[in-house]
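For reference, the sequence and a predicted model appear below.
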Amino acid sequence: MSAKKKLCDVEGCSSVTKKTVSREKSGAALKKAGLTLSIRDKVTKVHLCADHYRKIKKQLKKDREIERLRWG
């Protein structure tokens, strides 16, 4: 049996997925990086290749830090 590999959800990319992130949390980071998704609206997870994840991970880290500050 061979497992079917998922592809990156960024428009125009056909690389294999390395990371999966929440669509809700990654929305702003994707827009700031200038990336558009090629998936439909009802999807809750976004599959990203290593290159595209690298582009948004710093913004995701900043968003997590801001969210933590709101807790306390």
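Thanks, I have the structure now. Quick caveat: nothing in here was measured; it's all calculated off a predicted structure. Numbers count the residues shown, from 1 in each chain.

rest of the way, CA atoms for contacts and neighbours
Noted.

Now the phi/psi pair for the closest residue to Tyr53 other than its chain neighbours, please.
Of all residues not flanking Tyr53 in the chain, Lys19 sits nearest, at 7.0 Å (Cα to Cα, 6 or more residues apart in numbering). The phi and psi torsions at Lys19 (degrees, to the nearest 10) take the values phi -130, psi 150.

OK, contacts around Lys19?
47-50, 53 (Cα atoms under 8 Å, 6 or more residues apart in numbering).

Serialize these to TSV and add fields for distance to Leu35.
Output for the contacts of Lys19, formatted as TSV (distance: Cα to Cα, whole Å):
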residue	distance to Leu35
His47	13
Leu48	11
Cys49	12
Ala50	14
Tyr53	11
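
Of these, which is the most crowded?
With neighbours defined as other Cα atoms under 10 Å, the most crowded of the contacts of Lys19 is Leu48; it has 24 neighbours.

is it fair to say His47 lies in a helix?
No: under DSSP: H, G, I helix; E, B strand; the rest coil, His47 sits outside any helix and is assigned strand.

in the sheet, who's paired with it?
Beta-bridge pairing of His47 under DSSP bridges involves Thr20.

all numbers from here: first residue = 3
I'll keep to 3 as the first residue from here, and by that count the last item is His49.

Cross-check the contact I'm expecting between it and Arg25.
No: if you go by Cα atoms under 8 Å, His49 and Arg25 don't touch, sitting 9.1 Å apart.
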